Structure formats: C-alpha cells, structure tokens
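Enquirer: Could you look at this predicted model? Sequence included:
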Amino acid sequence: MQGEKTTLLSGRSTEDDQSPSSNVVKIVLFTLTGAIIAFFGAIALVGAVRVYRHPERYIPQNTAGQSMRNRAKGITRAILDTIPIVRFTEKTNTELESVELGNAKIANQIHEDVAGQTPKYSGDDSGSATLTELNGAPVLDGERGLRCSICTEDFSIGEQVRLLPCSHKYHPACIDPWLLNGFDFPQSIGRAAVKVHREGPMLSITVDMCKGWALLLWSTLASVLVADPTFTGFPPCDALIAAGLGDRLIRVGTEAYEQHLESYFCANGRLHPYCFVLPQTTEEVATTVKALASNGSGSGSWHIAVRSGGHHLPATNNIEDGVTIDLSLMNGAKYNATTNIASVQPGGRWKDVYSTLLNNGNVTVVGGRDGNVGVGGFLLGGGMSYYTPRYGLAVNTVAGFQVVLADGSIVEATATENADLWKALRGGGLNFGIVTRFDMEAMPAVDLVSGTSMITADHFDEAADAFVDFTNQMEHHRDDTMLIIHTHDSSIWDGPFILPLRVNTKGDLSTTAFDKVTQIPSVAQTWEQKSLAAAANGVQAAYGTKNAYMTLTFVNEPSVVRKAFSLHDQLASNIAKRVGSENFMASSVLQPFPTYLSDLGLRNGSVSHKAGSENGTMPLDLTFSSGHQAHLGLHHEIMSNVLGIERNGVNAVVWTVFVAIKNGQDAALSVARSELMLMTREMKRFHTSDGKAATVDYLYANYADMTQDPLGSYGPENVAFMKEVARKYDPEVFWQKRVPGGFKISRVAG
C-alpha cells in the first residue's frame, strides 16, 4: 500500500534490516510522508486564508461562551471547503482503481524487499474490510475506493463522496462531523489507518501513512493553527484587537492588504507592515495610540508608521516591521459659515476636499495642487500651493489643530490654547502627535485660469530670464503664480523641454503677469478656466513607479537658474547612459520663493475677515499691525510657524528634482539616487555672479529626501523650540522612538 509501514512484533521491525533494499524502503516512506504532510499543510493554510477573508461565513457571531470552539469549527469548515465533493461513478471508480493499482505495485515491491514476507490479513471482528489481491499485494476493497473507510459501507453510483488529494474517499456525513465536532482521533479512522494481523506467532502492524498521519495533521492544524483567528501572531496587531479595533485591521494575506499596498504613490513605499489599522474617529485614533504605546518597551523590535494620503517618500508613511496607522478613512470636510472655518480631516485627498467644500458652501481652502496628495502630510510640512503668493505656505491658514498625543489624550491647539503646540505643528511634521482635524480659514471658491506651454532647449535661457523676473515681481501679482517644470521623458519628446505652468487664482483671463514667458516661442500653449477641484483632478502624478527626489533652495538669479537647467540635463543624460532613456522620467520643478512670504507667517499678522463678498462668505486676507516688516533678523517668537523662511534674506527659488523609475528596473533606482546626490552637491558648490553661495539654508520638507535635514534648516532657534515642545507634550519620546518615519527633531543636532 502507498505510504504503509510494516512492523513485526517479534522484537524487531522489518526496517531494522540494513540492506540496501531496506534503505530504499525508508527513503520511499519518508518521501511519501513528507509529500502528504505538505499536501495537507497547504490545504490547511488555504483554509486559514478563507477564514480571514470571509469571517462572516465561517465564524458564528454572538455565540456566548463558545467563541474558541466556534472558531475552531470555522477553520475546519474552511479547510473542508478546499477539498472537493464528487459524485461516485463507474468512471471515478475506474480512475481510482488505476491509481490504487499503482499504489499496489509500490506496496508489492516493499513487501518483496522485506525478507520476501507478504503479510496476510484476516479481517477484524467488525468485518470492515475484505482482501483483494492485485499483483500479489493485498489491497482492501475500501482502499480501492469502493467503500467508506469509516462506516465501511460501499459507495453507490451517483453518491457524493469527499475526495482527498491522496485519492482516499469518505462519506461527507462520516468525515465532516468528526472534523467539525471533535479533534480526537476516532476509532474508525484508526481501524482504517492502522491494521493489525497475525502471521504465525507474530503480529504484523500496517500503518497507512496517508490516512493516519495526514488526517492527524489535518485535525491538529485545524484546532491549533487558526483556532482563534483573532490571534495574528504579531503583538501590536493583537494588542489592537484586544483594544476592540479588530474590525479596523487589514491583515497580511488578505486581498484588502494587497489592494491597500497599491494605494501608495511610490512603488518603493509599498512596504509590508504586520497589519494596517484604519481608525474612523479621533477616539479610535486615541485608542490605537494607547494600545500600541503600551505594547512593547522602548522602541522594541517593531515600530509604527502614520499615513495620511501615502504620497510622500518611502519610509515616511509605511513600515516593514510594525504597524501602519492609516488615516484614509478619516477624510471628511465640513464648512461652518458662522466662523468661516473649514474643518478638514487628515486622510482626505485635496481633490475630494475641494469638491466637498465647493458643493457645500461654495468655498475653498489653501491646499495641494495634485489632487491625490493627502491633507495631513501636506499641511504639517508647510504646503506650497497656487495661493502661496497671497497667503504664504498653506499651514499659515490653519487656525487650529485637534491632536492625539502619545498618551492617548486629545487636545486642541490654537493661537490661544496650547499655543506652543500650535506653532510647532505649523511645519514641524510628525513629532508631537497625530492631527485628526485641521481647522482652516476658508475663502470664496473662484474659478482659476491656468495654462502651460512647451518650450524646447533652444529657448531655455529666455525661460530662465522670464522666470527670474516673475519671481522678483510676484509680490505685486499675488493672484498669479508660475512653476517651471523641466522634464526629460522620451515617451513625450526626444530631448529636454520646459513646461511653464501659469495660474491666476482670481480667474483673470487678461492678467499681464506672464507676458514675458508667453512671448517665448513654444510648441503649444493652453489657457483655460476651471474650478480648483477640476484643476486638482487634472494634476495627478502617475502611481506605481519607484521614485527618488531631493530639494534645494537657491538664489533667484539667471545664472543660478541656468545652472539648475544644466545640472538637470546632465542628470538625465547620466541616468540614460546607465539604464536606458525608456526606463525613467526626470523632472525639475522651480517655484518662486521671494522674501515677502516670510511676512505672511508673522505672529502679529492675523487672519482676518472682510465683509462684502457676493455670496456672503468672508474672503480670507492677511493684515499686519506694524506695516511691512524687515526681512532679516526677525526673532522666532514673532513668527506663527517654525519654518524659518525669514532667514533666507533674498528672493529665492525652491528647486525639486524628481526621478521616476519604471517597474522592473530596481537597479536604476540606486543609480538615480546617486546621481541626485551628485547633482545637489554640485549646486551647493556653485556661486552667484557676485561670488556668493548659490543656495540658502531652507529646505522644503515635503520635497526632501531622507538624507536631508529640513528641520535643521529652519534655524537653531526653531530647532530648540521644537525640541522643547516635543519634551513637553511627549515626555516618553514615543513619537521619536516608536514612530521613526519622517523627519525627527531628535535627530537634528543642537
């Protein structure tokens, strides 16, 4: 028989024979046993996955006092569902006889190898089996597939039988109750799997490895492997389940888990945490933080990540060894016409925020340009937008934050309540707590006018001059903004090209702010009116590439802008030589950053409302009690944020270089990062026409690589302030040790 082992009870096993033939027998037996165990192990694992995917189908709910028993039955039922029930037919019987014939040949060879002895069987008292000789080997009718080995009744044509991978068959009514209702090894299975017969003075035991060991393994796995599906095997995930957040988890091995990974912008950010937890309320965020903070000691062997929209760099919003707190279900936006405050949750995407506020109040807020960017990370990093010329960075318009601290407490932070926390959050990132609500000053929703053109390399110098002039004049055109997008993309154009993105936020089709750039010869030009929501939908970077990017801020001077163009062309050329131009896309984005923007972050510059709007809402404006402030030497205490942009001292340009690598080109990513580092290093060595350094200290956090130090670029006073606030609101340094992603104030020198 296949997988059988015979022992003679005269003091030695037939396997004690150390002949070569005996060794062959052992090899065959162990091989069969391993294969059978693998078969049933795989079946059990498939069953476990079924339970995780469909708990409502397999785990009875609200059955008091029997949860573990019901869960054990659930996993067993899931395992059973992986094993087919077939109708017994003459064809089935013939096919199974053919299978058993092969088994009989193996068994016959084994018996011939063991001293030429062929054990004889006389049925037990129950008469549960008879002998049929095939090729000289004893084969039971039950073993040939004619009867159920448990009840010993013959199968009838058309009758349903449960067919195991090893070709053994049972009546479902016989095998299923045993598996579902008890995990003790039944006598009937024992009689079928372990047969005893006498030959002269000796007893011979034949063990059917397939039935005995595999069924025992099956029942053991069913009762032990996933007897309690609330046990994930990962301490932090189990802690969340114990805290009542089990239905907020996305677990490894589920379809939802794989789909969730796909929602990350960067393919290299699709790390694999132990589980995702998706709280839906501020209270659930607090419960999550408390559960994770109490599980483990210090940083432990696992960590925590926090995700808003998943659009930032890898290692900032996801983690391999730990839990990712995903805020994407907290995505609402509400407008209060009385206070003119739009309360926006962190997990929203800007395209949805704009659409919601437009349809429920005809207002908008200062937010991201790419519609898929998440609210939380964008605002905590500062936030550059189409409205930057008028309001500065978006975080300047946040009147209040609702924050979950490391101890799970929920606090409000405004200019008058927890004012130090309010200021630190305006640019300080994930160092103080999880923001669960941003209260933002709203303004009337007015259609934008936007357009672009395509300028080729022979006109790059003209584009540089036009951009520098626009940046210097931006203070006088606060409703206009322009970005220069310098691109290498072989799928669009054979060589480098520039796309100047022009936007007027008041819908003024006749603005003259862009005259110099629109006069440059171009391949094509557009200029159209649309809502902010529509504009955000139209600007969405492609998902699924592996990305690398870095940022610098440099002096707004034609020679420096031309150097940036030259370095970008060199970067693209170097990468193309090493990985092929078809395997990547590279873009540099230049954004005006003049000195007057620092005034928009002054503490004594308050957000006020002026009546008289057509729709009754209050337009946002910034007024200053002491007139225009000096750009240099401002003390950090009069600033309402920690960005430190007042330290720039000159009109500047925020420069971001972005490289996207196609899937399957993993080696190209390291090449791109290496070239980016060389490129930024070269720019730092460059000098202006009057011999001064081309770069300034400030680094925009939302564009920075993890090798850069944007928090340190805010200046020593702001660094000291953020460290003080972190100590006050997080004395156990939870956000520094347990949540390592992003830029940490504890890693900044000073």
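Expert: The structure has been received and is ready for your questions.
Enquirer: What separation do you get for residue 740 and residue 322?
Expert: Plainly put, residue 740 is 9 Å away from residue 322 if you go by C-beta to C-beta, to the nearest Å. For glycine as for every other residue, the C-beta is placed from the backbone atoms N, C-alpha and C.
Enquirer: Overlap in contacts, the two.
Expert: By C-beta atoms under 8 Å, 6 or more residues apart in numbering, residue 740 and residue 322 have these common neighbours: residue 303.
Enquirer: And these two? Which one has more around it.
Expert: Neighbour tally, residue 740 and residue 322, criterion other C-beta atoms under 10 Å: the higher count belongs to residue 322, 27 against 18.
Enquirer: so the more buried one sits right up against residue 302, yeah?
Expert: Yes: using C-beta atoms under 8 Å, residue 322 makes contact with residue 302 at a distance of 4.1 Å.
Enquirer: okay, and the common contacts of these two?
Expert: Common neighbours of residue 322 and residue 302 (criterion: C-beta under 8 Å, 6+ apart): 236, 274.
Enquirer: For residue 276, which non-adjacent residue is spatially closest?
Expert: What sits nearest to residue 276 in space, not counting adjacent residues and going by C-beta to C-beta, 6 or more residues apart in numbering, is residue 250, at 4.1 Å.
Enquirer: Buried residues in the helix or strand that contains the one you found, which are they?
Expert: For residue 250, the host element (DSSP states H and E) is strand 249-251. By neighbour count on 16 or more other C-beta atoms under 10 Å, the buried set for strand 249-251 is 249, 250, 251.
Enquirer: and what of stretch 44-51?
Expert: Buried residues in stretch 44-51 (16+ other C-beta under 10 Å): 44, 45, 47, 48, 50, 51.
Enquirer: Include distance to residue 453, secondary structure and pLDDT when you put those into a markdown table, please.
Expert: Below are the buried residues of stretch 44-51 laid out as a markdown table (distance: C-beta to C-beta, whole Å; DSSP: H, G, I helix; E, B strand; the rest coil; pLDDT from 0 to 100):
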| residue | distance to residue 453 | secondary structure | pLDDT |
| --- | --- | --- | --- |
| 44 | 62 | helix | 70 |
| 45 | 57 | helix | 75 |
| 47 | 60 | helix | 72 |
| 48 | 58 | helix | 72 |
| 50 | 56 | helix | 73 |
| 51 | 58 | helix | 70 |
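Enquirer: TSV for those, including distance to residue 550?
Expert: Output for the buried residues of stretch 44-51, formatted as TSV (distance: C-beta to C-beta, whole Å):
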residue	distance to residue 550
44	49
45	43
47	48
48	44
50	46
51	46
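Enquirer: Distance of residue 350 relative to residue 457?
Expert: 33 Å.
Enquirer: The two: which is more packed in?
Expert: residue 350 (30 against 15).
Enquirer: hey, where'd the strands end up in the stretch 301-450 of the chain?
Expert: 303-307, 322-326, 333-336, 341-344, 363-364, 398-404, 410-414, 434-441, 443-444, 448-451 (DSSP state E, counting those that start in this stretch).
Enquirer: Let's have those strands in JSON lines, adding mean pLDDT and distance to residue 568.
Expert: Compiled in JSON lines, these are given as follows (pLDDT from 0 to 100; distance: least, C-beta to C-beta, whole Å):
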{"stretch": "strand 303-307", "mean pLDDT": "94", "distance to residue 568": "30"}
{"stretch": "strand 322-326", "mean pLDDT": "95", "distance to residue 568": "34"}
{"stretch": "strand 333-336", "mean pLDDT": "98", "distance to residue 568": "37"}
{"stretch": "strand 341-344", "mean pLDDT": "98", "distance to residue 568": "35"}
{"stretch": "strand 363-364", "mean pLDDT": "97", "distance to residue 568": "33"}
{"stretch": "strand 398-404", "mean pLDDT": "98", "distance to residue 568": "33"}
{"stretch": "strand 410-414", "mean pLDDT": "98", "distance to residue 568": "40"}
{"stretch": "strand 434-441", "mean pLDDT": "98", "distance to residue 568": "34"}
{"stretch": "strand 443-444", "mean pLDDT": "96", "distance to residue 568": "35"}
{"stretch": "strand 448-451", "mean pLDDT": "96", "distance to residue 568": "23"}
